[in-house]
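Sequence and computational prediction follow.
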Amino acid sequence: MAEVDAWERHNAEALIELACAIPAGRFRAREVNLQVDRVRVAHVAGTPHAVARDAALVESRPVDAIAVYAALRGEALLEAGGRRRVIRPGQLLVCDVDRPFLRGFGHGLEELAVSIPRLLFTEVTGLASLDSPLVFDAAGAGADPHAKALVQLVGRSVAADLRVPADERAVLELVSVLATGSRGSLALAHRAAARAYIDDHLTDPALSAVDVAAGAGISERQVSRIFADAGTSVPRQILARRLDLAHALLASGTGERTVDVAARCGFASASYFSQAFRRRFGVSAGEVRRRAAPRGGGK
């Protein structure tokens, strides 16, 4: 019981309050949690168990959130709304956690999780809730491109080797496209695709609005307009995400020179990189590197 209680407390504090059922035997689990502005993301792995939010728990302890679960390993049995289905690795589930559900992991699990406050979800989607869980293929030939992009974005933010902070706005826009489908804004869907393309091509020093537009399947004029509607621009988005990547590399403690990190992140000018880095983070790239480097590391 102590293991169950500890896991329930951890989930309630870090992500979503759940009731857990664990088979006899030793239970092992690991969870990496990150707060990304107003959104929580996590990488979860564990031995066989089941989690649930039944009607009593929902009524007494509402979470007021929408959750996204991306299965990486292990099939999950989902029971919700009187329906039972299996969620397989490579699939992504979007659900309202204040609607009763049960998820069983008979062979253990590894998954990515995102928790979005309901008010924030409503702000970006116009929806107050989800009537039933939504399931998307996020891998393979028939993968939904927005589901695939969301998994990649969240996965990079909790990766064991190099954690690149997720772009909250990109996460929200991708979830919005998935939740609203054909009812949603076409411009938002294009912007979400453009943000995903940018994240996938940050290290290309020649990356431009023309490339991003082609990657999103729209014109350069359109891509400029939809980013302007969001209060930014394609060059600013590229710069912000390159700086996020550079900070992650410098803070990783590998000792890689700042000039090499700048080039690796697509910056053609080391001087411009240094200036932009200090403006963004309020500290020099060299200082971030020195703090993270093993004792005896160079400049």
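That came through, no problem. Numbers count the residues shown, from 1 in each chain.

Could you tell me how many residues sit around residue 179?
21 (other CB atoms under 10 Å). For every residue, glycine as well, the C-beta is placed using N, CA and C.

can I have the helix or strand containing it written out in CSV, keeping just the CAs?
Using DSSP states H and E, residue 179 falls within helix 168-180. The C-alpha coordinates for helix 168-180 follow below in CSV (Å, rounded to 0.1, in the frame of the first residue of the first chain):
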residue,chain,number,x,y,z
GLU,A,168,4.1,26.2,-25.0
ARG,A,169,2.3,28.0,-27.8
ALA,A,170,3.3,25.3,-30.3
VAL,A,171,2.0,22.6,-27.8
LEU,A,172,-1.3,24.4,-27.4
GLU,A,173,-1.8,25.0,-31.1
LEU,A,174,-1.1,21.3,-32.0
VAL,A,175,-3.5,20.1,-29.3
SER,A,176,-6.1,22.6,-30.6
VAL,A,177,-5.8,21.2,-34.1
LEU,A,178,-6.2,17.7,-32.9
ALA,A,179,-9.2,18.5,-30.6
THR,A,180,-11.1,20.6,-33.1
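
Against which helices or strands is it packed?
strand 39-46, strand 65-73, strand 91-96, strand 109-117, helix 118-125, strand 134-137, helix 145-157, helix 186-200 (3 or more CB pairs under 8 Å, 6 or more residues apart in numbering; DSSP states H and E).

roughly how far out does the host helix or strand of residue 225 sit from the chain middle?
Using DSSP H and E, residue 225 maps to helix 220-229. Taking CA atoms, centre = their mean, to the nearest Å, one finds the center of helix 220-229 at 24 Å from the center of the full chain.

Pull the distance from the helix or strand just after that helix to the chain's centre.
Counting by DSSP H and E, the element after helix 220-229 in chain order, helix or strand, is helix 234-251. Centroid displacement of helix 234-251 relative to its chain, using CA atoms, centre = their mean, is 16 Å.

got it, and stretch 267-287?
Distance of stretch 267-287 from its chain centroid, counting by CA atoms, centre = their mean, is 25 Å.

Okay, buried residues for that stretch please.
In terms of neighbour count (16 or more other CB atoms under 10 Å), stretch 267-287 has its buried residues at 267, 270, 273-274, 276-277, 281, 285-286.

who touches it?
Among residues not part of stretch 267-287, those counted as contacts by CB atoms under 8 Å, 6 or more residues apart in numbering are 205, 239-240, 242-243, 246-247, 250, 258-259, 261-263, 265, 288, 299.

For it, output the C-alpha coordinates as PDB.
In PDB, the C-alpha atoms belonging to stretch 267-287 read as follows (Å, rounded to 0.1, in the frame of the first residue of the first chain):
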ATOM      1  CA  PHE A 267      23.900  30.700 -36.300                       C
ATOM      2  CA  ALA A 268      26.100  32.000 -39.100                       C
ATOM      3  CA  SER A 269      27.600  34.800 -36.800                       C
ATOM      4  CA  ALA A 270      29.100  33.900 -33.400                       C
ATOM      5  CA  SER A 271      28.900  37.600 -32.500                       C
ATOM      6  CA  TYR A 272      25.200  37.800 -33.300                       C
ATOM      7  CA  PHE A 273      24.600  34.600 -31.400                       C
ATOM      8  CA  SER A 274      26.300  36.000 -28.300                       C
ATOM      9  CA  GLN A 275      24.300  39.200 -28.300                       C
ATOM     10  CA  ALA A 276      21.000  37.500 -28.900                       C
ATOM     11  CA  PHE A 277      21.700  34.900 -26.200                       C
ATOM     12  CA  ARG A 278      22.400  37.500 -23.600                       C
ATOM     13  CA  ARG A 279      19.300  39.500 -24.500                       C
ATOM     14  CA  ARG A 280      17.200  36.400 -24.200                       C
ATOM     15  CA  PHE A 281      18.500  34.800 -21.000                       C
ATOM     16  CA  GLY A 282      20.200  37.800 -19.200                       C
ATOM     17  CA  VAL A 283      23.500  35.900 -19.000                       C
ATOM     18  CA  SER A 284      26.300  35.100 -21.500                       C
ATOM     19  CA  ALA A 285      26.500  31.800 -23.300                       C
ATOM     20  CA  GLY A 286      30.000  31.400 -21.900                       C
ATOM     21  CA  GLU A 287      28.700  31.700 -18.400                       C
END
